[in-house]
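In: I need the structure of the sequence given here:
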Amino acid sequence: MSDLDQHSVELELRTHTPGVAAVRIERFGDRLVVVVRISGAIRRGALNPIDGENIAEAARMGARKRLPLVMFVSSSGANAAEGIEALHGWGQAARELTQCSGSVPIIAINDGPAVSGSALLIGLADIVIMTDDAYAFVSSPNGVRQFTGVNVGIEELGGSAIHGRSSGVAHAIVPDRAAAEAMVSQLLTFLPNNTDELPPVIESGDPTRRPTTEAADLLPDEPTGAYDVRAIVGEIVDDEYFLELRAGWAPNLVTGFASIGGHPVGIVANQPLAMAGTLDIAASQKGGRFVAFCDAFNIPLLTIIDTPGFYPGKDLEWRGMIRHGAQMAFAYARASVPRVALVLRKSYGGAYIVMDSKTMGNDVFLAWPTAEIAVMGARQAAEVIARRATPDEKEEFVLEYEDRYLNPYVAAERGYIDMVVEPADTRRVVAESLSMLRTKREELPERRHDNTPL
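Out: From the prediction side, this is the model:
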């Protein structure tokens, strides 16, 4: 199926330029978007100076017309035969894409090679979709071999599986271009055209007052038992539909889009199936970036919490757990969209603060009766507070600590929790909270920009 068969082309731009990057206004469903299609059929998509100008003009067009920008990238990088001019063209493109950031959504589809500068172009996008046979890297296998002496193949270095699982570059991996275009259409149902608009309303016959009677049964009887938080997400959202992003990377944190009462919402949830739902470096990066994206495009946030804290380890600390953990805190603290949080089970220590607590500016903080909100778990507390006690005294301390602190009511008495919600009422209360917050407006401080921890 050709591009023209898949989507209607409303307008072709810069049609007589001789490069490999075609610029169009296309319709995806009922949405107009600015599209750049870099064809790998000619010179393996090597970018001439004019191609950089075309991509830059597409970005400017998206910013001027306030339309989302979609890039199809299949390129071996700058055309070496063009020398420094080709690099200059790439630089133009990169600068204009950066100017679009936070103004209009940028979606990149990598359906072939993306090498060197082309790989960095997809790195500038908000959401990256890769096809199964796509690959992307800044340094080629040959460059890796020459500089390090390590032999590595294309798939191992930058195949879609690597970017879906290890690097986090790919938000989704799909079989082919047609599936990628279908996913773009799905994404656009949750996204506004630009930062000055609200997300579109999605038709749904799912009543907001539907009882979530099965939600509580999804929690295991054992307090340390694992379960799939996506099942609980499905209970809460419209029609059980959840579009997950970056599912293979940092699986201990789940992110994605859904709707509640027909209104799009960004979901951030700890995943007890992976690393007990603890936060590590990758999860902090994943969550921080997603929260910032939702905040940029007026998408309310629902944070679902069940985490014993940050994952401990010397390696994580040496790699910058402090810096990366701060990314998550920073993203929530500056977010001005409506924010609802729900504690299902554990919420301990610094992770309690980071996962959209009242301290971070949360609007409505909810908890199930099973919630345990404390500085740490009972046995951890025993090792700190009662470390000199006998084993029997420690057991007594654990029981007393659990009874006194590991419940939501202490926090509720202090105003840190707005409501203790029965699991069966969760969807109704979340929907009512988001509806109440729909008119929320915050006055943002006047400054050039903040300085996100990286």
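
In: dump the residue contacts of E155.
Out: Y135, A161, I162 (C-beta atoms under 8 Å, 6 or more residues apart in numbering). (C-beta placed from N, C-alpha, C; glycine too.)

In: does the first one really touch G158, like I thought?
Out: Yes - with contact taken as C-beta atoms under 8 Å, Y135 and G158 are classed as touching, separated by 4.7 Å.

In: ok, back up a step: can I get the contacts of E155 in JSON lines with pLDDT?
Out: Putting the contacts of E155 into JSON lines (pLDDT from 0 to 100) gives the following:
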{"residue": "Y135", "pLDDT": "95"}
{"residue": "A161", "pLDDT": "97"}
{"residue": "I162", "pLDDT": "97"}
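
In: Among those, name the ones in helices.
Out: Per DSSP state H, helices hold the following members of those: A161, I162.

In: okay if I get the contacts of E155 as TSV plus neighbour count?
Out: Rendered in TSV, the data for the contacts of E155 read as follows (neighbours: other C-beta atoms under 10 Å):
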residue	neighbour count
Y135	23
A161	16
I162	19
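
In: of all the contacts of E155, which comes closest to Q271?
Out: Here the nearest of the contacts of E155 to Q271, counting by C-beta to C-beta, is A161; it sits at 20.0 Å.

In: Just the pLDDT for the most far-flung residue of the chain relative to its centre.
Out: Distance from the C-alpha centroid of the chain, by C-alpha atoms, centre = their mean, peaks at T390 (46.7 Å). pLDDT for T390: 75.

In: And for Q92?
Out: The model reports Q92 with a pLDDT of 90.

In: Could you report the neighbour count for the nearest residue to it once chain neighbours are set aside?
Out: Leaving aside its sequence neighbours, Q92 sits nearest to A56 (C-beta to C-beta, 6 or more residues apart in numbering; 4.3 Å). Residues near A56, counting by other C-beta atoms under 10 Å, number 23.

In: same thing with the one 10 residues further on?
Out: Residues near R66, counting by other C-beta under 10 Å, number 14.

In: wait, is L120 part of a helix?
Out: Yes - with DSSP: H, G, I helix; E, B strand; the rest coil as the criterion, L120 is part of a helix.

In: is it true that it touches V138?
Out: Yes - using C-beta under 8 Å, L120 makes contact with V138 at a distance of 6.7 Å.

In: Can you classify E156 as helix, strand or coil?
Out: E156 is classified as helix under three-state DSSP.

In: The chain - how does it break down into domains?
Out: According to automatic domain parsing, the chain comprises the domains 3-188, 216-371+407-439.

In: Redo these as JSON lines? Include distance to L198.
Out: Below are the domains of the chain laid out as JSON lines (distance: least, C-beta to C-beta, whole Å):
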{"stretch": "domain 3-188", "distance to L198": "13"}
{"stretch": "domain 216-371+407-439", "distance to L198": "5"}
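
In: Give me the below-cutoff pLDDT ranges for the stretch 301-450 of the chain.
Out: 377-379, 381-384, 386-389, 392-398, 400-403 (pLDDT under 70).

In: Where do the helices of it begin and end?
Out: In the stretch 301-450 of the chain, the helices defined using DSSP state H, counting those that start in this stretch lie at 314-318, 321-334, 349-354, 378-385, 391-405, 409-413, 426-436.

In: between these, which gets nearest to A78?
Out: Per C-beta to C-beta, nearest to A78 of the helices of the stretch 301-450 of the chain: helix 321-334, 31.3 Å.

In: Now do stretch 251-267, average pLDDT.
Out: For stretch 251-267, mean pLDDT rounds to 98.

In: now do stretch 140-151
Out: Computed over stretch 140-151, the average pLDDT equals 91.

In: which residue is nearest the middle of the chain?
Out: The chain, centroid-nearest residue using C-alpha atoms, centre = their mean: F290 at 3.2 Å.

In: in what helix or strand does that residue lie?
Out: F290 belongs to helix 281-296 when elements are defined using DSSP states H and E.

In: Only alpha carbons, please: show the helix or strand harbouring I109 as PDB.
Out: Taking DSSP H and E as the definition, one finds I109 inside strand 106-115. Extracted as PDB, the C-alpha positions of strand 106-115 are listed here (Å, rounded to 0.1, in the frame of the first residue of the first chain):
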ATOM      1  CA  ILE A 106       6.500  15.500  17.600                       C
ATOM      2  CA  ILE A 107       6.200  11.800  16.600                       C
ATOM      3  CA  ALA A 108       9.000  10.000  14.800                       C
ATOM      4  CA  ILE A 109       8.600   6.700  12.900                       C
ATOM      5  CA  ASN A 110      11.900   4.900  12.300                       C
ATOM      6  CA  ASP A 111      11.200   2.300   9.500                       C
ATOM      7  CA  GLY A 112      14.700   1.700   8.100                       C
ATOM      8  CA  PRO A 113      18.100   2.900   9.100                       C
ATOM      9  CA  ALA A 114      18.700   6.000  11.200                       C
ATOM     10  CA  VAL A 115      22.400   6.600  11.400                       C
END
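
In: buried sites along it?
Out: I106, I107, A108, I109, N110, D111, G112, P113, A114, V115 (16 or more other C-beta atoms under 10 Å).

In: What segments of the stretch 101-250 of the chain are helices?
Out: Going by DSSP H, counting those that start in this stretch, the stretch 101-250 of the chain shows helices at 117-123, 141-148, 154-158, 160-162, 177-188, 229-236.

In: Next, format those as a markdown table and append distance to P211.
Out: Formatted as a markdown table, these follow (distance: least, C-beta to C-beta, whole Å):
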| stretch | distance to P211 |
| --- | --- |
| helix 117-123 | 43 |
| helix 141-148 | 56 |
| helix 154-158 | 47 |
| helix 160-162 | 41 |
| helix 177-188 | 28 |
| helix 229-236 | 10 |
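
In: Can you tell me which of those is most buried?
Out: helix 117-123 (a mean of 22; mean count of other C-beta atoms under 10 Å).

In: Please work out the average pLDDT along the helix holding F290.
Out: Per-residue scores along helix 281-296 average to 97.
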